[in-house]
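Chemist: Output the structure for:
(chains A and B)
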Protein chains: 2
Amino acid sequence: MKHRGILIVVSGFSGAGKGTLMKELLKTYDNYALSVSMTTRKPRPGEEEGKSYFFVDKDTFEETIAKDGLIEYASYCGNYYGTPREYVEACLDNGRDVILEIEIQGALKVKEKFPEALLLFIMPPSAEELKRRLEGRGTESEEVICQRIARAAEEAEGIENYDYIIINDKLDDCVKEMHSIISASRRNPKRNKELIADMRSELDALVKGE
Amino acid sequence: MKHRGILIVVSGFSGAGKGTLMKELLKTYDNYALSVSMTTRKPRPGEEEGKSYFFVDKDTFEETIAKDGLIEYASYCGNYYGTPREYVEACLDNGRDVILEIEIQGALKVKEKFPEALLLFIMPPSAEELKRRLEGRGTESEEVICQRIARAAEEAEGIENYDYIIINDKLDDCVKEMHSIISASRRNPKRNKELIADMRSELDALVKGE
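Modeler: Residues are numbered from 1 along each chain as shown, chains lettered A, B, ... in the order given. Coordinates of the predicted model:
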């Protein structure tokens, strides 16, 4: 029997190392698929269609909304961003675990539509370490770093909505722990309705002496 | 900083192999402590005071109830059975993970008092296998086996109240999986209130430029 995959929502502070973590997770284990978002934003240099994003125009995006083709979407700085439903559903049906990397508002919308989704929040080991990592990139102005920290403080308000916190201290350990947490969640009764129903009817049959 | 241990409630069908599983878990990992129940039932041959049970008289048991010294208790076939609070709390404070092996009604009572408790339900891979294991003991009459299966059918009604299902197929794998599920649960936001509070205040301090 093929089990349906798990829908995994990953959020976390900018600078928590989500990108590297996802890359390692997908490289190390073969049960994961990364969802690709749809956006009306213009591609940046180096971004690839269908890999970084699905780049579409506003009409196409709104048509997709109209036919309920997105699991969640939001508008940000004048552009739409959303998660196309078709790819996610196809992966889940094939037993693959699909990762959506989205921020907290999107995560909560997904949880509403998919109560069995697993919500993971990635954190650095400390706020100081977060600041160090943001500064270490060397690509951002002090103002941008400050904005990101302010944004992190806002996102931190929603951590209780997540199922698990993942502390990204040492990358290798973190990848293993994340995989182990996802594997454990397969044993949640919500994800084993069929197994439970089978056990019940088998037991009932035995009681009746069938 | 020493983390408080996790209170783990283990239930499951008679014949699911809970006893062997607990024994292996405690032998393999050193973070667990097994709670010892208090009872007014008379000791059976081979049972040891303080190991199998704390054997007390009715008055002592009722005094313990009166001073809220039990996490949960129930009366069964004219005898009291309960979980003494003191030992459990002391272990948890010392960072040890305490396992209570109790049936579903007790498990639900514990969850009410300790919402952060982790409820695990042990199942055999199938009802047929359960029957085979009960028969395999060779010590029980057909009637007793039948009663146990009927009891299992009743208990199966409550599986959704548990956090995780543990399928006891191969013992070694099952012990590892159980340990891994318990470890994962350490990352639940409910069990990391301090960490989250610290991160929030550190972030706020950074935003204010302190």
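
Chemist: how about A:Lys109, secondary structure?
Modeler: helix (DSSP: H, G, I helix; E, B strand; the rest coil).

Chemist: For the residue nearest to it when sequence neighbours are not counted, which phi and psi angles does the backbone take?
Modeler: Using CB to CB, 6 or more residues apart in numbering or on different chains and skipping residues adjacent in sequence, the residue nearest A:Lys109 is A:Glu72, 4.1 Å away. Bear in mind the C-beta positions are built from the backbone N, C-alpha and C, glycine included. Backbone torsions for A:Glu72, taken as degrees, to the nearest 10, come to phi -160, psi 150.

Chemist: list the contacts for A:Glu72?
Modeler: Counting by CB atoms under 8 Å, 6 or more residues apart in numbering or on different chains, A:Glu72 makes contact with A:82-83, A:102, A:106, A:109-110, A:113.

Chemist: from those residues, which single one is nearest A:Leu21?
Modeler: Nearest to A:Leu21, judged by CB to CB, of the contacts of A:Glu72 is A:Ile102 at 14.8 Å.

Chemist: Kindly format the C-alpha coordinates of the helix or strand harbouring A:Met199 as PDB.
Modeler: For A:Met199, the host element (DSSP states H and E) is helix A:193-207. Written as PDB, here are the backbone C-alpha positions of helix A:193-207 (Å, rounded to 0.1, in the frame of the first residue of the first chain):
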ATOM      1  CA  LYS A 193      -6.700   6.600   9.600                       C
ATOM      2  CA  GLU A 194      -6.700   3.600   7.300                       C
ATOM      3  CA  LEU A 195      -4.400   1.500   9.500                       C
ATOM      4  CA  ILE A 196      -6.600   2.300  12.600                       C
ATOM      5  CA  ALA A 197      -9.800   1.500  10.700                       C
ATOM      6  CA  ASP A 198      -8.300  -1.800   9.500                       C
ATOM      7  CA  MET A 199      -7.200  -2.800  13.000                       C
ATOM      8  CA  ARG A 200     -10.700  -2.000  14.300                       C
ATOM      9  CA  SER A 201     -12.600  -4.000  11.800                       C
ATOM     10  CA  GLU A 202     -10.100  -7.000  12.200                       C
ATOM     11  CA  LEU A 203     -10.600  -6.900  15.900                       C
ATOM     12  CA  ASP A 204     -14.300  -6.700  15.600                       C
ATOM     13  CA  ALA A 205     -14.300  -9.700  13.300                       C
ATOM     14  CA  LEU A 206     -12.200 -11.700  15.800                       C
ATOM     15  CA  VAL A 207     -14.500 -10.800  18.600                       C
END
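
Chemist: List the contacts of it.
Modeler: By CB under 8 Å, 6+ apart, helix A:193-207 touches A:1, A:189, B:123, B:126-128, B:130-131, B:146, B:149-150, B:152-153, B:156-157, B:159-160, B:165.

Chemist: again, but for stretch A:147-159
Modeler: The contact list for stretch A:147-159, computed with CB under 8 Å, 6+ apart, reads A:11-15, A:103-104, A:108, A:121, A:123, A:127, A:130-131, A:134, A:140, A:165, B:189, B:196, B:199-200, B:203-204, B:206-207.

Chemist: of these, buried ones?
Modeler: A:11-15, A:103-104, A:108, A:121, A:123, A:127, A:130-131, A:134, A:165, B:189, B:196, B:199-200, B:203, B:206-207 (16 or more other CB atoms under 10 Å in any protein chain shown).

Chemist: quick revisit: out of the contacts of A:Glu72, name the ones that lie in strands.
Modeler: Counting by DSSP state E, the contacts of A:Glu72 place A:82-83 in strands.

Chemist: Relative to A:Gly50, how far out is the residue nearest to the spatial centre of chain A?
Modeler: Per CA atoms, centre = their mean, the C-alpha nearest to the average position across chain A is that of A:Val9, at 2.4 Å. Distance of A:Val9 to A:Gly50, given as CB to CB, to the nearest Å: 21 Å.

Chemist: Over to A:Ile166?
Modeler: 28 Å.

Chemist: Between those two, point out the one with more neighbours.
Modeler: Under the neighbour definition other CB atoms under 10 Å in any protein chain shown, A:Ile166 and A:Gly50 were set side by side, and A:Ile166 has more, 22 against 9.

Chemist: hang on, the more buried one in a helix?
Modeler: No: checked against three-state DSSP, A:Ile166 lies outside a helix; its state is strand.

Chemist: where in chain A is pLDDT low?
Modeler: In the predicted model of chain A, residues A:1-2, A:210 satisfy pLDDT under 70.

Chemist: Please enumerate the strands of it.
Modeler: A:7-12, A:32-34, A:38-39, A:54-55, A:70-76, A:79-84, A:97-101, A:118-123, A:164-167.

Chemist: Tell me which strands the longest one pairs with, and in which orientation.
Modeler: As defined by DSSP bridges, the strand partners of strand A:70-76 come to strand A:79-84 (antiparallel).
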